[in-house]
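Participant: Fold the stuff below for me.
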Amino acid sequence: MHEATVEDERRARKRAAPRLRAHDRSRQALSIIAAVVVVVVVYAHSRGGERSMELTSTLRDLDRANVGDRVDAAMVYGGVWRLCDGKRGRGECAELASGRYDTLGSLAGRVNSVELVLPAANPVGVITAPPAPRVVLYEYRDFGGRSLTIEGNEARNLDRLQFGDRAASMRVEAGSWMLCSRAYFEGQCRTFGPGEYPRLSPDLDRRVSSARPLADVRLGPLSTYAR
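Facilitator: All right, here's what the predicted structure looks like:
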């Protein structure tokens with residue numbers, strides 16, 4: 001009787017092992033999905049300046065945020081987003097994957113809804129991790145003076161790091177970066193790829209107040225369709 005009980009327990013453990021491994025794989029997959037950043041920032045420009053709004057979920061009526069028929073540019077940091085000139089995802093629409101959109105074409109100034117279509121543009125298959133985005137800002141031209149290194153994360157307000165309105169040159173060591181003349185990615189913004197910049201352009205020279213890493217930049221005309 002005792003031998004039969006031990007054998008039964010051994011068989012039960014063998015049957016349970018595949019289920020446990022599958023459960024562990026599911027937990028790992030959920031951890032990867034949870035780490036995916038899904039954000040779109042829409043911009044509305046006017047004579048009074050620039051206004052931006054960050055979204056992490058669908059907003060079917062932009063009038064609720066007082067930006068209906070005003071949005072004319074966008075930055076997608078993750079996911080695929082549908083912008084439409086009608087409320088609730090209706091009318092003329094365009095789908096935006098990760099990247100920068102300086103113009104929305106025929107939708108510029110007409111967007112009334114923003115909808116999250118997919119949490120990620122493509123299935124994720126990790127082979128090797130790319131280097132973390134990294135930029136080094138310098139106080140003086142030609143990489144002189146004090147320096148500030150930003151790696152991986154965004155810096156929404158450089159004043160908090162005692163480096164607001166100080167940068168005059170920089171090195172982008174990995175990734176692409178957006179630098180803006182005002183905190184929280186407002187004001188004049190420019191995108192920089194890897195390389196050395198011994199002098200910043202006049203609109204950012206000693207005026208950089210925020211910086212953030214970017215996804216791949218999407219260029220070319222925006223394709224729209226009716227819904």
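
Participant: and the gap between Phe143 and Asp61?
Facilitator: Noted for Phe143: a distance of 48 Å to Asp61, by CB to CB, to the nearest Å. Quick note: C-beta positions are derived from backbone N, CA and C, even for glycine.

Participant: The two: which is more packed in?
Facilitator: Phe143 (17 against 13; other CB atoms under 10 Å).

Participant: Confirm Pro131 sits in a strand?
Facilitator: No - looking at Pro131 with DSSP: H, G, I helix; E, B strand; the rest coil, it is coil, so not inside a strand.

Participant: Surely it is in contact with Pro194?
Facilitator: No - using CB atoms under 8 Å, Pro131 is not in contact with Pro194; the gap is 9.9 Å.

Participant: between those two, what contacts are shared?
Facilitator: Common contacts of Pro131 and Pro194, defined by CB atoms under 8 Å, 6 or more residues apart in numbering, comprise Ala174, Gly175.

Participant: Would you mind telling me which of those two has the busier surroundings?
Facilitator: Neighbours were counted for Pro131 and for Pro194 using other CB under 10 Å; Pro194 has more, 15 against 12.

Participant: State the number of residues packed around the nearest residue to that one once chain neighbours are set aside.
Facilitator: Leaving aside its sequence neighbours, Pro194 sits nearest to Val172 (CB to CB, 6 or more residues apart in numbering; 5.0 Å). Counted with other CB under 10 Å, the neighbours of Val172 add up to 19.

Participant: try the one 5 residues further on
Facilitator: Neighbourhood size, Trp177 [other CB under 10 Å]: 24.

Participant: Same question for Arg134.
Facilitator: Quick note: Arg134 (other CB under 10 Å) scores 17 neighbours.

Participant: Identify the residues contacting it.
Facilitator: Neighbours of Arg134 in contact, by CB under 8 Å, 6+ apart: Thr149, Ile150, Glu151, Gly152, Val172, Glu173, Ala174, Gly175.

Participant: In strands, which of those residues appear?
Facilitator: Thr149, Ile150, Glu151, Val172, Glu173, Ala174 (DSSP state E).

Participant: Now for the fourth one: which residues touch it?
Facilitator: Same thing as Val172. With the criterion set at CB under 8 Å, 6+ apart, Val172 makes contact with Arg134, Val135, Phe192, Gly193, Pro194, Gly195, Glu196, Tyr197.

Participant: What of the last one?
Facilitator: Neighbour list for Ala174: Pro130, Pro131, Ala132, Pro133, Arg134, Pro194 [criterion: CB under 8 Å, 6+ apart].
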